[in-house]
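In: Need the 3D shape of this:
(chains A and B)
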Amino acid sequence: MIAQDHDTPGNLIFDYDQANTGHIQTDEDDIKDQFPKRDYLPLPDVSEMQVIRHYTRLSRKNYGIDTGIYPLGSCTMKYNPRVNEDMARLPGFAGIHPHAPLSHAQGALEVMWDLQEALKEITGMDAFSLQPAAGSQGELLGVMIAKRYFADMGERRTRIIIPDSAHGTNPATAATCRFQTVTVHSDERGNMDLDGFRNAIGDDVAVVMITNPNTLGFYEEHLQEITELSRKHGTLLYCDGANMNAMLGISKPAEQGFDMMHLNLHKTFSTPHGGGGPGGGALGVRSFLEEYLPVPRVVKRDSGPTFDLDYDYDKSIGRIHSFYGNFGIMLRALTYIKSWGSDIVNVSEAALLNANYLLGLIRDIFDVPYDRPCAHEFVVSTRRFGEKSALNMAKRMIDYGFHPPTIYFPLIVKEALMIEPTETESKETLDRLAGVLAAIAREAERDPSMLDGTPHTAATGRLDEVMAARHLDLRWRPPKE
Amino acid sequence: MNYIPHTDAHISKMLTTIDCRTVDDLVPEQVPRAARLNLGEPMSEMDVASYIESLAAKNIQTKCFAGGGSYDHYIPSAISHIVLRGEFLTAYTPYQAEASQGMLQALYEYQSYICLLTGMDVSNASLYDGASALAEAVLLAHSHTKRRGVFVDVGLNPAYLQVLRTYCEGADIFISDTINNDVACIIQQTPAFDGSIRDPTHMAEKAHRNGSLFISCISDPTSLAIMRPPGEAGADIVTGEGQSFGIPKSFGGPCLGFMAVKSTLTKKLPGRIVGATQDESGRRGFVLTLQAREQFIRRERATSNITTNQTLLALSATIYLALLGRTGLRSVAHTSYRRAHRLQQMLHTRGFRIMTPGPFYNEFLVETPRPVTDILEHLRQWDILGGVAVDDHRLLVCCTEKNTIPDVETYARGASMQ
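Out: Got it, this is the predicted structure:
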């Protein structure tokens, strides 16, 4: 259950000004240099205990995987093992400065090397860069590399093909790199429509971006044809690996025909999502694209300190991170992968089993847009309960103590609920989730208006998003003197 | 370890429910099957911890006088106790506001802190790091002015310049040598890479006369406790790296990109923004707002492709700023400033040539009387990371409040030994 807010009014941290914090008062005369100085620093002085109470109170108004199942589709909200946190906080890692001499950072470089090797084995790709700080930056890097690759070949390609089920990041990434997006519709089985693809592909297409399994939760069944046609036109095949949790040890994207892919380390390899980050967005490529990867790259030497950072790649795209990427996230991902070892296939098998089991339990309550087994997640429609029913049912779930699934995505399914239970949820939890969805469906059948204005038991009632966007209040301001 | 709760009995019951013999029946025949992965034997928690600890033991931690974009400020204990609370740690992007009020309010407070420090009107809820935040600011300037050039003033962190070049190539933007009428923005870093404090007023005026935006890039933002906020000097966009605010150095990541703008640019901001609103009974609450800018709605017309940001680190920064407050943050800035000036003086009298012109904050560049590698090697014997080698004869040295006076004296002695 989400805690009720018993404090009225709910203070902001800025409402607690004027405590004695014990910090040393500074003397203004300390700084003799002439440069434009600040007159007054308008930050509140809050006692440590009050800070702890304030943020503890806020934490109780938040829902995480630790509070209960968090079936947010496409986000892979699996349990985050705590040993990974402890490893990332070891002073030997957390305390290393990025400009430390490499002889003092051999362990950190070994972590990066080991992770790259593991990711190569898992995906079949030939080389990895760990620099991207999140999946969308991995995508951006991938498309930048594709752009440079074709420029090197003396080819001007202007289009990128993206299926209509894709995450919004794919077209946004293509546009950032000034490509024109061509959308291909989905067919009646939820695959990319082959005729549509045949019409779209051509010698001016740089990249085909495919999420596999796609956001409807289905493995793409036409990959062989898509790969063959793409090869014929010299087009690169990009895999959005957001849904890799369905493929660990089951299938390797490189063997499916992909030339490059990103992984969301925070999803597949269970690093905590932190309320929206930090993530990790490793990019893998086949060997013919390897020389374009960002510098510096971690390399293993035969002499001297074993691991080194190599900047010497003429064709490298440059860099995309201030340093080497989200190292702390890499460390958690490596710990997770080492824990599982080769048994990591169990993760994807259980993710598939859980998703299909849950779908089986609730398929009669909702409309199922495509009749086929799903991979690690699935999409149902609540359209039989009327307009806004997905939103209302999602909010009602909060009253039952469950975090809602992703709603209204993918855009091609009306009143969509996109549900990803992940492998770490038990059968009992899935049974309870199905029971709650059934109960809410009964409520909606009896009296749909009952769900308006839900949730009733959360920290707040239904919040007015329109008001938030019309009357922008994006920060606290100090009271006028 | 095994993080899957099913017993064999559960699995067979579940398979029966979905009318399947094995899980493999759920995977279409078109999907090529992988051979068994070669990732070694599974490890118990005890074994994996001892393996990872053995890697940590291969790193060597020393007293840190290095900056260059990552700063060794003290991290108060209270921060990790809060950010490790599962309600924060294991949540995701607060799409469902009513179940995410804690993080949303913390992000609203974060945005407020960034605005108070920078003197700007609006902040987003974080970006990846200092370098990509700057690159995003350039994309914003391009989209706002429809111009394709960027003018970069001297003193930008070279790694940031490299990241900027990569983004520019992707987005068909070029780095211009002159300030001409195709320049979308002028970038100036303060404190600059060599540590010098810049007065942005002059460059900001130049930018505005040219119809360009002025971007102020902050290296160590604890400097904002004493420097005039760039917003008061005419900055249109302020970006920077927030790692100084309670975030471990962690070999350079994860860190915290921040971006704040004048209110006229609010709708061009990349990334998440949190706003205050009300529920039906008039209670204040917080939501993600202005989402029509974002990729999941606007797709190819979004202001950026960013999705996941660095929320937990924005929370760390917020708690850091709450714990330090005005008195504590000024104390950090003053102490860092004084220690750096003391060390600079000591090195100056020992034959190091001072290369940072004018006033500086907590970093300075010196020309070394002997090769930089020799000096760093000497300092290593004193358990000191002596700075960032810029080239064979120039060293960038940084102090924070963690560098005690005895350490500063040891540094000066160690660096001047033959």
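In: Longest helix in the chain, please.
Out: Let's take chain A. The residue-count maximum for a helix in chain A (DSSP state H) belongs to helix A:427-446.
In: That was the other one, I meant chain B.
Out: Secondary structure assigned by DSSP H gives helix B:311-349 as the longest helix of chain B.
In: which other residues reach the next helix or strand after that helix?
Out: On the C-terminal side of helix B:311-349, the closest following helix or strand by DSSP states H and E is strand B:353-354. With contacts defined as CB atoms under 8 Å, 6 or more residues apart in numbering or on different chains, strand B:353-354 is touched by B:344, B:347, B:348, B:364, B:365, B:366, B:367. Backbone N, C-alpha and C define where each C-beta goes, glycine included.
In: backbone phi and psi for the nearest residue to residue B:384 once chain neighbours are set aside, please?
Out: Once flanking residues are discounted, residue B:384 sits nearest to residue B:63: 4.9 Å by CB to CB, 6 or more residues apart in numbering or on different chains. Main-chain dihedrals, residue B:63, degrees, to the nearest 10: phi -70, psi 140.
In: Can you read off the pLDDT for residue B:63?
Out: pLDDT for residue B:63: 97.
In: The one 10 residues further on now?
Out: pLDDT recorded at residue B:73 is 98.
In: so what's it up against?
Out: Neighbour list for residue B:73: B:222, B:244, B:245, B:246, B:332, B:336, B:400, B:401, B:402 [criterion: CB under 8 Å, 6+ apart].
In: between these, which is nearest residue A:251?
Out: residue B:246 (41.8 Å; CB to CB).
In: for the closest one, what are its contacts?
Out: Residue B:246 makes contact with B:73, B:75, B:76, B:79, B:316, B:317, B:319, B:320, B:323, according to CB under 8 Å, 6+ apart.
In: can I assume the residue nearest to residue B:384 is in contact with residue B:383?
Out: Yes. Using CB atoms under 8 Å as the test, residue B:63 is close enough to residue B:383 to be in contact (5.9 Å).
In: Which one's more surrounded, those two?
Out: residue B:63 (18 against 13; other CB atoms under 10 Å in any protein chain shown).
In: Just give me the neighbour total for residue 154.
Out: All of this refers to chain A. 6.
In: Chain B is the one I meant
Out: For residue B:154, using other CB under 10 Å, the count is 10.
In: Could I get the contacting residues of it?
Out: When contacts are counted by CB under 8 Å, 6+ apart, residue B:154 touches residue B:192.
In: Kindly provide the distance from it to residue B:367.
Out: When distance is defined by CB to CB, to the nearest Å, residue B:154 is 17 Å away from residue B:367.
In: Same check on residue B:383?
Out: As for residue B:383, its distance to residue B:367 is 25 Å (criterion: CB to CB).
In: can you check residue A:412 too?
Out: Taking CB to CB, one finds residue A:412 at 63 Å from residue B:367.
In: rewinding a little: tell me the helices and strands packed up against the longest helix of chain A.
Out: helix A:345-362, helix A:389-399, helix B:8-17 (3 or more CB pairs under 8 Å, 6 or more residues apart in numbering or on different chains; DSSP states H and E).
In: Let's see that with 10 Å instead.
Out: Judged by 3 or more CB pairs under 10 Å, 6 or more residues apart in numbering or on different chains; DSSP states H and E, the packing partners of helix A:427-446 are helix A:345-362, helix A:389-399, strand A:416-419, helix B:8-17.
In: Would you mark the buried spots in the next helix or strand after it?
Out: Next helix or strand after helix A:427-446 toward the C-terminus (DSSP H and E): helix A:465-470. Of the residues in helix A:465-470, A:467, A:468, A:469 count as buried by neighbour count, 16 or more other CB atoms under 10 Å in any protein chain shown.
In: And the helices in the stretch 101-250 of chain B?
Out: Ranges of helices within the stretch 101-250 of chain B are B:101-118, B:130-145, B:158-170, B:201-209, based on DSSP state H, counting those that start in this stretch.
In: how about the ones you listed in JSON lines, adding mean pLDDT, distance to residue A:97 and mean neighbour count?
Out: Converted to JSON lines, the helices of the stretch 101-250 of chain B look like this (pLDDT from 0 to 100; distance: least, CB to CB, whole Å; neighbours: other CB atoms under 10 Å in any protein chain shown):
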{"stretch": "helix B:101-118", "mean pLDDT": "98", "distance to residue A:97": "24", "mean neighbour count": "28"}
{"stretch": "helix B:130-145", "mean pLDDT": "97", "distance to residue A:97": "15", "mean neighbour count": "25"}
{"stretch": "helix B:158-170", "mean pLDDT": "97", "distance to residue A:97": "14", "mean neighbour count": "21"}
{"stretch": "helix B:201-209", "mean pLDDT": "97", "distance to residue A:97": "30", "mean neighbour count": "17"}
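In: Next one: the residue of the stretch 151-300 of chain B at minimum distance from chain A from residue A:14, what distance?
Out: Per CB to the nearest CB, residue B:252 is where the stretch 151-300 of chain B lies closest to chain A, at 2.5 Å. Note on residue B:252: its distance to residue A:14, by CB to CB, is 32 Å.
In: And residue B:294, by the same measure?
Out: Distance, residue B:294 to residue A:14, by CB to CB: 27 Å.
In: More neighbours: which of these two?
Out: Ranked by neighbour count (other CB under 10 Å), residue B:294 and residue A:14 place residue B:294 first, with 24 against 20.
In: That one contacts residue B:267, correct?
Out: No. Counting by CB atoms under 10 Å, residue B:294 stays clear of residue B:267, with 11.3 Å between them.
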